[in-house]
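[1] I need the structure of the sequence given here:
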Amino acid sequence: MSTWAIPRREILRHPGRTLLTWLSVVIGVTSVMAVGLSTRSARQAYTNMYETITGRAALEIVGAGGTKLDAALRDVVSQQPGVQAAVPVIQRNVVMYAEKGRAKLIALGIDTALDAAVRDYELVSGEPLSPRSGLLLDASLAESLEIKVGDRIKLLVRRGLVESTVKGLVKPRSGAGVAGGGTVLIPLAVAQSYFAAPKQLDRIQMILTEDADPRSVRLALEKSLPTGTEVREPATRGSLAQETMRGLENGLLLSTAFSLLAAIFIITNTFSMSVGQRRHELAVMRAVGATQSQIRQMILREAFLLGAAGTAAGVACGLVCANLLNNMIGNLLQTDLPTVQLRLLPVAGAIAFGFGASLLSAWLPASRAARLDPVEGMSGSQRSDIEALPWQMVAAGFAGTLIAIGMFIATLLGIFTFEYGVAALVLLLISAVLLLPLTLKPLTWLGESCLRRLNPVESRMARRQLLRHGGRTMLTLGVLFIAVATGLGQASSLMDNVADIRHWYQTAIVGDFFVRATMPDMETGLSAAVPETVGKEIENIPGVLKIASLRFLAIEVNGQKAMLVTEDTVFTKASSPTESLLTSGPVDPNRPTVILGSVLAKRLGVQADDSVELLTRIGPQQLPVSRVQNDYLSGGMTVYMQRPLAERFFDVEGVDAYIVRAEHSQIADVKDALAEISLRNGMMLQSYADLTTLIEGMMSGVVGSLWALLTLALLVA
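    Predicted structure coming up:
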C-alpha cells in the first residue's frame, strides 16, 4: 500500500478543507517571516547608522544635554596615558539637494588628518578630502541620485542653503566606514562655519593603545574634564529609537502570536474532522492489514504535504509583506530603511513553523486514528467520543490559568519583559480552551432552550450530537473561541490606540502651520537646522498671530535617555501669550518645571508634583514635574521645557522648527507667503491638515497590515 498516494488523493478530494488548512499555514508563515525580516531590517539600519558615527572608537567625550565641547579639549585628551588618538567630530543633520532629488543625511565634520584612525572607508573615485573645502559622499547614495565627482550640491545648514563640490565618492571597508549611505563627510573647519560653531566640537572619539584599560582611562579622564562633560562608550544602537521600535514590535509580536495560535487550532481541528469523516475507511484499512504505523504515517504525510505547500506560499507572501511592512515602518520612523534582505533566522523560523505546526497539529488526530479499533471504527461512533473528556485536561486548564496570571503580574511589575506577557496571554487562551468542557453542558442546554420552541426535535438532537462527539465539539469551540477572543482583543486594542493618538494630536498641537527642514533624529535629537533668517521673515507676514520655535535635544533624566523638546514664543499678537502651541494649556516660562511624556513618567515611576534629576552642563539638577501627558514623540520618552529655562541648563542653539498660528480670515495668504519662504530656503511647510494627514497615513499603514492579518485569520476560522 502506498502511504503517499492516499494523502495526495485525500488532499485533492476535499478542496475546501485543504484550502482552509493551507491558508492557516500560509498566514502563520507569512506573519513570522514578514515581522522577522522587517523589524530586523529597521534595527539593522539604526545599527549601521550609529556604527557610521562611532566607527572604531573605544570611548568618546560628549557634553551633557547637547553642550558643545571646547576644541582645545582635544589636545588635553590626546595627552592622556592610554589614548592613542583623539579624533574631533562635528555631527549634525542636514538636507542635501541634488538635481534628481533630496536626501536627509548626517553630516560629519572631520579632521582630515586624524579621522582615518576611526572611520575606515575606501576612495572609489575623485580625490581625498582637503582641510578647507569640498565633501565626500557615499558612492551608493551618489549613484542613486546620479551625482558625480565635481558636481555642485546644496546643503541646508544653520547658515541657510550652501553649495559645495563633491570631491570624491567613498564606500566602507567595514562596519566602521560610511555605512548605510546616510553620511556626508565635511572638513571640520567648514562644518564649524556651516553650523555656527567656531572652535567647538560635538564629540571627541578616542582610540586607545593595545595595553590600555578602557575603564581606567575613563576614570582618569572623568577626574580631569570640566563639569558638564561625559566620558562613555559609543552607543551603536539608539535607545530612544528603540523605544519607538519596541512599541511597534510589541504590537506586531502580539498580532503574530494570535495568528499562530489560531492557525495551530485550525489545523488541528481540520485534521480531527478529516479523521472523523474517514473513520470507516480507516477501519477497513486496519481490517485488511494496515498497521498502526502506516495509518499514522499516512495522516502525517498528508500534513507534511499541506505544510510544504503552505510554507512555500507563506515564504513568498512573507517576503512581499516584509517589504510592505518595511516601508510602513520607515514612514512611521520618518527615515529611509534599506531593502529587506533574506536572513537565515527569520526564514528558518517561518519554515520551522510551517512544517512544525502542520505535523504537531496532525499528531493527535493521527495517533487517535492509528489506535482505532476496526470493529469500533465501522460502527457509528467511537468510544472516546462518547465518554467524558479526561479530568487531566481540566486540571491542566486551571494550572495554566494560574501560571498565566502569575506571569501577567510579573510583567506588570517589570520583573518580566513584554515577551513574557505575550506568552502569558497565549497560555491563558489555551488554558481557557482546556476549561471549555466545564461549560459545554450548560451552554448546549441554553442553546437548546432558546431553539426549543422553534425546532424542538432538531435542537434536542443537535445537543445530543454535540455532547456525543465531545472531542470534535471542543476543538471546534476552541477554534471559534480563539478567533473571537483574539479578534475582539486585537480590534479593541487597535481602536483604543488610534483614538488615543488622534486625541493627542488634536489637543496637543494647536498651530496652523509648521516650518521645518527634517524630523529630528530620535536618538540624538539632531535635526537639520532652520536658517537663522527664517524667523524674522515669518514675523513680517501679515496675518501671523503667533510664532513658537522648537528645539530638540537628547538628555538624561534619572539615568534614562530621553528627548528634550523646548518651546519659545518668539513673536505674538495673540490674546493668550502664555498658551503653548505644542502642549495643551497655559505655561509659565519663568517657572522651573517640566512636563513628562507618559511613557517616560511610567518608566521612572514619576507623577505630577514629583521631581526628576536632569544631567545638565552645570551638573545634576532637580526639577519638579508640573504634569504628565500622553505623547507619541520618541515613543513617549519626552521632556517638555520652555526655552528660557532650558537655556539655563543646556546649550540650546538654533531652531529645528517653527509653529505658526494665523488669523483665520488670512490663513490662505499666510500659507502662500510661508510656501514662498520655505521654497526659497529649502524648507518643508506643513499645515495642520497636512500634519494630521501624515500622522493618519503613518497609523493606517501599520494598523491596516494588522487588520489584514486579523481579518484573514477570522475568515479562515
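
[2] show me the helices in the stretch 351-500 of the chain, by range?
    Secondary structure of the stretch 351-500 of the chain (DSSP state H, counting those that start in this stretch): helices at 374-377, 383-386, 391-412, 418-434, 437-451, 456-468, 470-508.

[3] can you tell me which of those helices is most buried?
    For those, the largest average neighbour count (mean count of other Cβ atoms under 10 Å) is found in helix 418-434, namely a mean of 18. C-beta coordinates here come from the backbone N, C-alpha and C atoms, glycine included.

[4] ok so, going back, mean pLDDT for the helices of the stretch 351-500 of the chain: which is lowest?
    Among the helices of the stretch 351-500 of the chain, helix 383-386 carries the lowest mean pLDDT, at a mean of 49.

[5] where is the longest strand in this structure?
    strand 83-98 (DSSP state E).

[6] only C-alpha atoms, please: export that strand in PDB.
    Only the C-alpha atoms of strand 83-98 are listed here, as PDB (Å, rounded to 0.1, in the frame of the first residue of the first chain):
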ATOM      1  CA  VAL A  83      44.900  57.400  24.400                       C
ATOM      2  CA  GLN A  84      46.400  56.600  21.000                       C
ATOM      3  CA  ALA A  85      44.300  59.100  19.100                       C
ATOM      4  CA  ALA A  86      41.700  61.700  20.000                       C
ATOM      5  CA  VAL A  87      39.600  62.500  16.900                       C
ATOM      6  CA  PRO A  88      37.300  65.600  16.900                       C
ATOM      7  CA  VAL A  89      33.900  65.400  15.300                       C
ATOM      8  CA  ILE A  90      31.000  67.800  14.500                       C
ATOM      9  CA  GLN A  91      27.800  65.900  13.900                       C
ATOM     10  CA  ARG A  92      24.600  67.500  12.500                       C
ATOM     11  CA  ASN A  93      21.600  66.500  10.400                       C
ATOM     12  CA  VAL A  94      21.400  68.200   7.000                       C
ATOM     13  CA  VAL A  95      19.200  68.000   3.900                       C
ATOM     14  CA  MET A  96      21.100  67.600   0.600                       C
ATOM     15  CA  TYR A  97      19.500  68.800  -2.600                       C
ATOM     16  CA  ALA A  98      20.600  67.400  -6.000                       C
END
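
[7] and the next helix or strand past it?
    Counting by DSSP states H and E, the next helix or strand C-terminal to strand 83-98 is strand 101-110.

[8] which non-adjacent residue is nearest P198?
    Nearest residue to P198 in three dimensions, chain neighbours excluded: Q192, at 5.5 Å (Cβ to Cβ, 6 or more residues apart in numbering).

[9] is it true that that neighbour touches D202?
    No: applying Cβ atoms under 8 Å as the test, Q192 and D202 come out as separate, 10.2 Å apart.

[10] between those two, who's got more neighbours?
    Just comparing Q192 and D202: by other Cβ atoms under 10 Å the higher neighbour count belongs to D202, 24 against 19.

[11] touching, that one and T67? I think so.
    No: in this structure, D202 is not within contact of T67 by Cβ under 8 Å, at 9.5 Å.

[12] tell me the buried residues in stretch 602-617?
    Going by neighbour count (16 or more other Cβ atoms under 10 Å), the buried part of stretch 602-617 is 603-604, 606, 612, 614-617.

[13] what comes into contact with that stretch?
    With contact meaning Cβ atoms under 8 Å, 6 or more residues apart in numbering, stretch 602-617 is reached by 63-65, 67, 227-228, 230, 555-558, 560, 594, 596, 600-601, 620-628, 637, 639, 649-651.

[14] could you tell me which of those residues count as buried?
    Among the contacts of stretch 602-617, those scoring as buried are 63-65, 67, 228, 230, 555-558, 594, 596, 600-601, 621, 623, 625-628, 637, 639, 649-651 (criterion: 16+ other Cβ under 10 Å).

[15] what mean pLDDT does the longest helix along the chain get?
    Criterion DSSP state H: the longest helix present in the chain is helix 292-333. Averaging pLDDT along helix 292-333 yields 81.

[16] now swap in stretch 229-239 and tell me
    67.

[17] please apply the same query to stretch 139-152.
    Taken as a whole, stretch 139-152 has a mean pLDDT of 86.

[18] run the chain-centre distance for it.
    Remark: stretch 139-152 is offset 31 Å from the chain centroid, using Cα atoms, centre = their mean, to the nearest Å.

[19] CA atoms of it as PDB?
    What follows is stretch 139-152, C-alpha atoms only, in PDB (Å, rounded to 0.1, in the frame of the first residue of the first chain):
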ATOM      1  CA  ALA A 139      29.100  56.000  -3.600                       C
ATOM      2  CA  SER A 140      25.800  54.100  -3.400                       C
ATOM      3  CA  LEU A 141      23.900  57.300  -2.500                       C
ATOM      4  CA  ALA A 142      25.600  59.200  -5.300                       C
ATOM      5  CA  GLU A 143      24.700  56.500  -7.800                       C
ATOM      6  CA  SER A 144      21.000  56.600  -6.700                       C
ATOM      7  CA  LEU A 145      20.900  60.400  -7.200                       C
ATOM      8  CA  GLU A 146      23.100  60.400 -10.300                       C
ATOM      9  CA  ILE A 147      25.800  62.500  -8.600                       C
ATOM     10  CA  LYS A 148      29.300  62.500  -9.900                       C
ATOM     11  CA  VAL A 149      32.700  63.800  -8.700                       C
ATOM     12  CA  GLY A 150      32.900  67.500  -9.400                       C
ATOM     13  CA  ASP A 151      29.100  68.100  -9.200                       C
ATOM     14  CA  ARG A 152      27.800  71.000  -7.100                       C
END
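
[20] for that stretch, which outside residues touch it?
    Residues contacting stretch 139-152 (Cβ under 8 Å, 6+ apart): 98-101, 103, 105, 124-126, 137, 153, 163-171, 181-182.

[21] report the secondary structure state of the residue nearest to P198.
    Recorded secondary structure, Q192: helix (DSSP: H, G, I helix; E, B strand; the rest coil).

[22] ok, it - contacts?
    Counting by Cβ under 8 Å, 6+ apart, Q192 touches 90, 109, 198-200.

[23] also K199?
    Contacts of K199 (Cβ under 8 Å, 6+ apart): 70-72, 192.

[24] these two touch, right, V426 and T256?
    No: judged on Cβ under 8 Å, V426 makes no contact with T256 at a distance of 10.7 Å.

[25] one step back: make JSON lines out of the helices of the stretch 351-500 of the chain and add distance to A34.
    Shown next, in JSON lines, are the helices of the stretch 351-500 of the chain (distance: least, Cβ to Cβ, whole Å):
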{"stretch": "helix 374-377", "distance to A34": "42"}
{"stretch": "helix 383-386", "distance to A34": "39"}
{"stretch": "helix 391-412", "distance to A34": "25"}
{"stretch": "helix 418-434", "distance to A34": "17"}
{"stretch": "helix 437-451", "distance to A34": "36"}
{"stretch": "helix 456-468", "distance to A34": "38"}
{"stretch": "helix 470-508", "distance to A34": "16"}
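
[26] among the ones you listed, which is nearest L305?
    Among the helices of the stretch 351-500 of the chain, helix 470-508 comes nearest to L305, with 21.6 Å by Cβ to Cβ.

[27] ok, then the element right after the closest one?
    Later in the chain than helix 470-508, the nearest helix or strand by DSSP H and E is strand 513-516.

[28] so what's the gap between that next one and the chain middle?
    Centroid separation for strand 513-516 versus its chain: 26 Å, with Cα atoms, centre = their mean.

[29] can you name every helix or strand that it contacts?
    Judged by 3 or more Cβ pairs under 8 Å, 6 or more residues apart in numbering; DSSP states H and E, strand 513-516 is in contact with strand 657-662, helix 667-681, strand 684-687, helix 688-716.

[30] as a quick check, tell me the outermost residue of the protein.
    Here the centre of the chain is the reference, and by Cα atoms, centre = their mean the most remote residue is V288, at 58.4 Å.

[31] quick one, phi/psi of that one?
    phi -90, psi 10 (degrees, to the nearest 10).

[32] before we move on, what about S164?
    The phi/psi pair for S164 (degrees, to the nearest 10) reads phi -150, psi 160.
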